[in-house]
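Asker: Need the 3D shape of this:
(one chain, ligands or ions: 1)
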Amino acid sequence: MQDILKVAMPKGRIYKPASKLFREAGLAIPEDMEDSRKLIIPVPEARMEFIMAKPVDVATYVEYGVADIGIAGKDLLMEENRDVYELLDLGIARCRMSVIGLPDWKPVLNPRVATKYPNVASQYFREQGQQVEVIKLNGSIELAPLIGLADRIVDMVETGSTIRENGLMEHEQIFAITSRLIANRVSYRMKSEAIQALCDRLQPVIAAVASASK
Ligand code: PRP
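Answerer: Presented below is the predicted three-dimensional model:
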């Protein structure tokens, strides 16, 4: 018999679609898991234990092996470059990473770019052959061009309402984002049966969701 699978589950915007996917795959995870203040939630029927994590910390838990698997956005995986296996594209929490600015933005020498994703932004502009000064912020990134902190920003766009409501414009799209199922490298070998069984349950649900949204 294999051990319990420890799953790092992101709280916030990914939680709802992720838990829905797990439920549709037949895993009896409790409805009120996110509302509770409990941070470790055992689900013995599914031989799983959920660790309720801040999305930005999921890949860290998985890399260090305190969680066997986890759900992480491609945005954070690209930014952090963690040593984990990416097992499945869950196709949920779809959005994109973009360069955003004021509609009348004009190129300047060595522009300032504000972002929560300094590595993604630096790499993108380096590949474009553009020299920029990257300023790391932790949220409300759209403020930066409005208050004169930065010329442009690199941020996630989902519905587009934040940029619209703040009179900003998407200038370039960098890459598409979805949530991914990731695994710790050792767990992937040691708990291969349980991890493979979970992937086998999730795959048809992901495919059904993808074909329904076409
Ligand atoms: C994210 C992102 C954008 C917004 C995009 O912010 O940084 O600001 O969502 O979503 P939209 O296109 O649907 O408007 P988040 O809500 O995570 O808050 P933050 O400002 O604290 O980063």
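Asker: List the buried residues in the biggest strand by length in the chain.
Answerer: Longest among the strand segments of the chain by residue count, using DSSP state E, is strand 169-177. Residues 174, 177 are the ones in strand 169-177 that count as buried (16 or more other C-beta atoms under 10 Å). From N, CA and C alone the C-beta is placed, and that goes for glycine too.
Asker: other SSEs contacting it?
Answerer: helix 74-80, strand 95-101, strand 152-157 (3 or more C-beta pairs under 8 Å, 6 or more residues apart in numbering; DSSP states H and E).
Asker: Quick check: which of these is nearest to the ligand?
Answerer: Set against the ligand and scored by C-beta to the nearest ligand atom, the helices and strands packed on strand 169-177 come closest in strand 152-157, at 4.3 Å.
Asker: what is the mean pLDDT for that closest one?
Answerer: In this model, strand 152-157 has an average pLDDT of 98.
Asker: For it, enumerate the helices and strands it packs against.
Answerer: So strand 152-157, by 3+ C-beta pairs under 8 Å, 6+ apart, packs with strand 95-101, strand 112-115, helix 118-127, helix 143-146, strand 169-177.
Asker: where do the helices sit along the protein?
Answerer: With helices called from DSSP state H, the chain shows them at 15-24, 58-64, 74-80, 118-127, 143-146, 161-165, 185-190, 192-212.
Asker: per-domain residue ranges of this structure.
Answerer: 5-93+178-212, 95-176 (automatic domain parsing).
Asker: what's the span of the last one, first residue to last?
Answerer: Using C-alpha to C-alpha, to the nearest Å, the end-to-end distance of domain 95-176 comes out at 6 Å.
Asker: returning to that earlier point: show me the one of the helices of the chain that comes nearest Thr178.
Answerer: Of all those, it is helix 74-80 that lies closest to Thr178, at 5.9 Å by C-beta to C-beta.
Asker: Could you list every helix and strand in contact with the closest one?
Answerer: Using 3+ C-beta pairs under 8 Å, 6+ apart, helix 74-80 is in contact with helix 58-64, strand 95-101, helix 118-127, strand 169-177, strand 179-183.
Asker: and it, how far from the chain's centre?
Answerer: Once both centres are worked out by C-alpha atoms, centre = their mean, to the nearest Å, helix 74-80 turns out to sit 7 Å from its chain's centre.
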